[in-house]
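> What shape does this take:
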Amino acid sequence: MKIAHREIGPHQPPLVIAEIGINHGGSLDVAREMVRLAHRAGCECIKHQTHFLDDEMTDEAKAIFPPNADVSIWDVMARCALSAADEVALKDYTESLGMIYISTPFSRKASDFLEEIGVPAFKIGSGEADNLPLIRHIARKGRPVILSTGMQTIDTIRASVAILDAAGIDYALLECTNLYPSPPEIVSLQGVTDLRAAFPKAVVGFSDHSIGPEMALASVALGACILERHYTDTRYRIGPDIINSMDPAELRFLIDRSREIHTALHNPKQRTAAEEPVYRFARASVVADRDLAEGHVIAEADIWARRPGSGEIAGYDFDLVVGCRLTRAVTRNTQLTWADIGLPGRPGGPAR
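As a prediction, the model looks like this:
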């Protein structure tokens, strides 16, 4: 898939998405500073959350307290949502730095607003992963979708994926565990491989709510092409998502290490040119393990394999030497040659 100028898939380095979300606490200045520091850390993509409470929630939300907050979900969003004008300013600033700006709409009104301001893709959060009318509304806009699958199973997500397929849009599915923070006991790295197997048309990634980069980095080795983590300029801020947010230094670490893992993931199993100097000394050569006379028929007890690997007969050819007759006398620890055992070269071809 492609979002703005960025190709995303198994053959590209993972796209690391820094989710500012609501960590700015409703301050455009704080949000801008977070973006600035993310840019300095080498981040390519910022994700925001777009909240229009009148279309997002009913009054019942005023009595619902999230497990990571001490006020109702309504109050959290009322306190932390940016105004429409501030969000436009944040998007403009992000893009002025050459970064990609996307956001999660939590309502039909929010998705329409994001379409109007020209976001290149939509993120659908885990809470909306089975909100079929909202997914259908977003999919009709014809832009790429990143869908978190937290709190879902492979079977319960099929209806949502069917909507994305029917719309003919590119989409990514992110494995996710929705507890802030998520302990390893309930994080599912297997979910990455399960999603890849169940939905081969999807780009698969990992939305991480654990503490530290380990789970996200491990997911890259399983094929995750997108890494999303909450992000803040400093963890000394107050906010419900700060506890599992990375700071700019950790963001830089995640970007760099994920790219290294991606590079190594696509290297085939082979001896490399850089290993040749090591290969020459670290391997073993077949040597006489005792003084042996000319004409002696070599038994297994007469030879051994010792470093360095500079001899003609490598340790892996040890068994080819047993039973051969020596053409000359040799002393202990002499590296044997093919000529010493009456052969013009290695049987079956050149050494590997």
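> L265 against A221, yeah?
Yes. L265 lies in contact with A221 (CB atoms under 8 Å); the separation is 6.0 Å. To be clear about C-beta, it is placed using only N, CA and C from the backbone, and glycine gets the same treatment.
> can you give me the strands in this structure?
2-3, 6-7, 15-21, 45-50, 100-105, 122-124, 145-148, 171-176, 203-208, 226-230, 285-288, 303-306 (DSSP state E).
> Would you mind putting the ones you listed into a markdown table with distance to M77, mean neighbour count and mean pLDDT alongside?
Below are those laid out as a markdown table (distance: least, CB to CB, whole Å; neighbours: other CB atoms under 10 Å; pLDDT from 0 to 100):
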| stretch | distance to M77 | mean neighbour count | mean pLDDT |
| --- | --- | --- | --- |
| strand 2-3 | 26 | 18 | 98 |
| strand 6-7 | 29 | 12 | 98 |
| strand 15-21 | 11 | 25 | 98 |
| strand 45-50 | 8 | 24 | 98 |
| strand 100-105 | 12 | 24 | 98 |
| strand 122-124 | 16 | 26 | 98 |
| strand 145-148 | 18 | 26 | 98 |
| strand 171-176 | 20 | 27 | 98 |
| strand 203-208 | 19 | 28 | 98 |
| strand 226-230 | 16 | 24 | 98 |
| strand 285-288 | 71 | 23 | 98 |
| strand 303-306 | 70 | 18 | 98 |
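> so which of these comes closest to Y236?
Closest to Y236 of the strands of the chain, according to CB to CB: strand 226-230, at 15.0 Å.
> counting contacts, what elements does the closest one pack onto?
Applying 3 or more CB pairs under 8 Å, 6 or more residues apart in numbering; DSSP states H and E, one finds that strand 226-230 contacts strand 15-21, strand 145-148, strand 171-176, strand 203-208, helix 214-221, helix 248-265.
> so how far is it off the chain centroid?
Centre-to-centre, strand 226-230 and its host chain are 9 Å apart (CA atoms, centre = their mean, to the nearest Å).
> Repeat that for stretch 247-266.
8 Å.
> Send me that stretch as CSV with only the CA atoms.
Only the C-alpha atoms of stretch 247-266 are listed here, as CSV (Å, rounded to 0.1, in the frame of the first residue of the first chain):
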residue,chain,number,x,y,z
ASP,A,247,9.8,9.7,24.1
PRO,A,248,11.9,11.1,21.2
ALA,A,249,15.0,9.1,22.1
GLU,A,250,13.0,5.9,22.3
LEU,A,251,11.3,6.8,19.0
ARG,A,252,14.7,7.2,17.3
PHE,A,253,15.8,3.8,18.8
LEU,A,254,12.6,2.1,17.5
ILE,A,255,13.1,3.5,14.0
ASP,A,256,16.8,2.6,13.8
ARG,A,257,16.5,-0.9,15.3
SER,A,258,13.4,-1.8,13.3
ARG,A,259,15.2,-0.9,10.1
GLU,A,260,18.1,-3.1,11.1
ILE,A,261,15.8,-6.0,11.8
HIS,A,262,14.1,-5.5,8.5
THR,A,263,17.4,-5.6,6.7
ALA,A,264,18.5,-8.8,8.4
LEU,A,265,15.1,-10.4,7.9
HIS,A,266,15.6,-10.4,4.1
